[in-house]
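Asker: quick check, what structure comes out for this input:
(2 chains)
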Amino acid sequence: MSRAAVSPMLVRLAAEKATGALLRDHGTLYLVDGRVVHAESPAAPGVDVLLTTGGRLPREGWDEAVDRAGAHRAVGRFLVDSGRLHDGELEICHLGAVFDAAFFALSPTSGPTRFRYGVGHWFGTVRPVSAEAVERETVRRRELLDAVWPYAAVDTSPVVPRPAAPGQTVGARQRALLAAADGERTPAELARLLGRPAFHTLLDVRRLAAAGLVETPLAPEPEPGPVPPPLSATLPVADPDIALLRRLRDALEAHL
Amino acid sequence: MPGIDECLLEAMALPGARGASLVDWTSGLALGTAGDSPVGDHETTAAETAELARSAAEFDSFTAAGDSEGPPVEDLIVTTRAGYHVLRFVETSFDSSVFLHLWLDRDAGNLALARLRLRDLAERLVLG
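Answerer: Below is the predicted model of the structure:
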């Protein structure tokens, strides 16, 4: 499978083993010796949100770690050395946050990409990941979202639950998501509220929309850039009659 | 207090171990890998095992029972002609969805021992 690089500049910086911050429209990637050590995006909850929302870490514990170790760029290390977190927890949480933020930071954009050599992040290095792995995963995630339910409009619209069909069940994590969906919160807001990675929330919302448990807005916002190719010859792409498709599917399932 | 790599290396020390990984079952991301993948690509294996784990973790029939703390499903075992796959859910006290996957050779592997060791590793990974 040949895939175009999501960021040619990232590929180049990895090759030259650069250290610094890659600034893009939707987020920032931090590199050390060409490897990704941290990522941030306004669209993705940070490690602090992931750790404090569920009560794993009190907010004061986080603030103190930032106060005491931020200047040395060793907040992650401090959280472990001071007994607030275990190594495995830190790695699991931080890696999740890095891939999450990188997904949004590397999203297609027409804006400028800049690199500031030598700039580091105060969180410090936990578990560096190769830039190729981050690129690959970002592409895989884009494809996964569209494979689940190819309507990007659900990603940014308020999440509006729909009644379940008779006998239709939902897993615990998606139940919690639906319970928090008040018809106004967007997936990004729900992610922050639940203390979950934003991509995970997007993916669950697309899965729920595919299952007919969340509304799919009929008029997707116009996307800049080239017009995507038709999804399939049989689907009227311009105005998919999703309600009809759902009824059709429900009827088919009822006869299984 | 093992991190991900130490944890996977310990899993690989089990008799008959051929591959090990720590996988996020919501996204299908491999957070860490060691040894081989049955299909020669850890990322593909992670995405596939994640689908299996997600089904087990979310279907009511597996999750209905149990009023105790923690994830209702502890592990999954898939037996193939050539090997065993043990998927052990890792419980964290922040919101996450990860499991350990160990691939064992059918002849050299010891399934009972592997289950016990993975349970231990899954606990130590987050509790130190």
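
Asker: hmm, stretch A:38-55 touching chain B?
Answerer: Yes: Stretch A:38-55 lies within reach of chain B by Cβ under 8 Å from any Cβ of the partner chain, at A:50, A:51, A:53, A:54, A:55. For every residue, glycine as well, the C-beta is placed using N, CA and C.

Asker: which residues sit against the helix or strand of chain B with the lowest mean pLDDT?
Answerer: Lowest mean confidence among the helices and strands of chain B (mean pLDDT, DSSP states H and E): helix B:60-63, at a mean of 84. By Cβ atoms under 8 Å, 6 or more residues apart in numbering or on different chains, the residues outside helix B:60-63 that reach it are A:169, A:171, A:172, B:56, B:57, B:72, B:73.

Asker: swap in stretch A:37-46?
Answerer: Against stretch A:37-46 from outside (Cβ under 8 Å, 6+ apart): A:26-31, A:53, A:97-105, A:121, A:123-126, A:128-129, A:134, A:188, A:191-192, A:195-199.

Asker: hang on, the earlier thing: could I have the least confident helix or strand of chain B exported to CSV, CA atoms only?
Answerer: The C-alpha atoms that make up helix B:60-63 are tabulated as CSV, following Å, rounded to 0.1, in the frame of the first residue of the first chain:
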residue,chain,number,x,y,z
ASP,B,60,-23.5,-7.8,27.3
SER,B,61,-23.2,-11.6,27.5
PHE,B,62,-19.6,-11.3,28.7
THR,B,63,-20.0,-8.2,30.8
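
Asker: returning to what we had before: could you turn the buried ones of the contacts of helix B:60-63 into a PyMOL selection?
Answerer: The PyMOL selection below is limited to those of the contacts of helix B:60-63 classed as buried (16 or more other Cβ atoms under 10 Å in any protein chain shown):
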select buried, (chain A and resi 171) or (chain B and resi 56+57+72+73)
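
Asker: which one of the contacts of helix B:60-63 is nearest residue A:206?
Answerer: residue A:171 (14.6 Å; Cβ to Cβ).

Asker: grab the nearest non-local neighbour of that closest one.
Answerer: residue B:58 (2.6 Å; Cβ to Cβ, 6 or more residues apart in numbering or on different chains).

Asker: who touches that neighbour in this structure?
Answerer: Shown in contact with residue B:58 (Cβ under 8 Å, 6+ apart): A:170, A:171, A:172, A:173, A:174.

Asker: so which of those residues are in strands?
Answerer: When DSSP state E defines the strands, the subset of these inside them is empty.

Asker: confirm residue A:30 sits in a strand?
Answerer: Yes: under DSSP: H, G, I helix; E, B strand; the rest coil, residue A:30 falls within a strand.

Asker: write out the residues of chain B neighbouring chain A.
Answerer: Residues of chain B lying near chain A (Cβ under 8 Å from any Cβ): B:1-4, B:7, B:22, B:24, B:26-29, B:31-32, B:43, B:47, B:54, B:57-60, B:63, B:90, B:92-98, B:124-128.

Asker: change it to 6 Å
Answerer: B:1, B:3-4, B:26-27, B:29, B:31, B:58, B:60, B:93-96, B:98, B:125-126, B:128 (Cβ under 6 Å from any Cβ of the partner chain).

Asker: gap between residue A:203 and chain B?
Answerer: Separation of residue A:203 from chain B (Cβ to the nearest Cβ, to the nearest Å): 7 Å.

Asker: name the element that residue belongs to?
Answerer: In this assignment (DSSP states H and E), residue A:203 forms part of helix A:198-210.

Asker: distance between that helix and the chain's centre?
Answerer: Computed by Cα atoms, centre = their mean, to the nearest Å, the chain-centroid distance of helix A:198-210 equals 10 Å.

Asker: stretch A:184-200 too?
Answerer: That offset, for stretch A:184-200, works out to 9 Å (Cα atoms, centre = their mean).

Asker: picking up where we left off before, just the buried members of the residues of stretch A:38-55 next to chain B?
Answerer: Counted by 16+ other Cβ under 10 Å, the residues of stretch A:38-55 next to chain B give A:50, A:51, A:53, A:54 as buried.

Asker: which residues touch the third one?
Answerer: Read that as residue A:53. residue A:195 (Cβ atoms under 6 Å, 6 or more residues apart in numbering or on different chains).

Asker: please tell me how far it sits from residue A:35.
Answerer: Relative to residue A:35, residue A:53 is positioned 28 Å away (Cβ to Cβ, to the nearest Å).

Asker: just the last one next, same as before
Answerer: With distances taken as Cβ to Cβ, residue A:54 is found 29 Å from residue A:35.

Asker: what does the residue in chain B positioned nearest to chain A show for phi and psi?
Answerer: Relative to chain A, the nearest point of chain B is residue B:58 (2.6 Å; Cβ to the nearest Cβ). Dihedral angles of residue B:58 (phi, psi; degrees, to the nearest 10) stand at phi -110, psi -20.

Asker: how near is it to residue A:208?
Answerer: 12 Å.

Asker: and for residue A:53?
Answerer: Distance from residue A:53 to residue A:208, by Cβ to Cβ: 21 Å.

Asker: same question, residue A:175
Answerer: On the measure of Cβ to Cβ, residue A:175 and residue A:208 end up 10 Å apart.

Asker: where does chain A dip in pLDDT?
Answerer: A:1-4, A:219-245, A:247, A:255-256 (pLDDT under 70).

Asker: coming back round to it: report all helices and strands that the helix holding residue A:203 contacts.
Answerer: Judged by 3 or more Cβ pairs under 6 Å, 6 or more residues apart in numbering or on different chains; DSSP states H and E, the packing partners of helix A:198-210 are helix A:87-105, helix A:131-148, helix A:153-156, helix A:172-180, helix A:187-194.

Asker: by contact count, what packs against the longest one?
Answerer: Using 3+ Cβ pairs under 6 Å, 6+ apart as the contact criterion, the elements in contact with helix A:87-105 are strand A:27-32, strand A:35-40, helix A:47-53, helix A:75-81, helix A:131-148, helix A:198-210, helix B:111-127.
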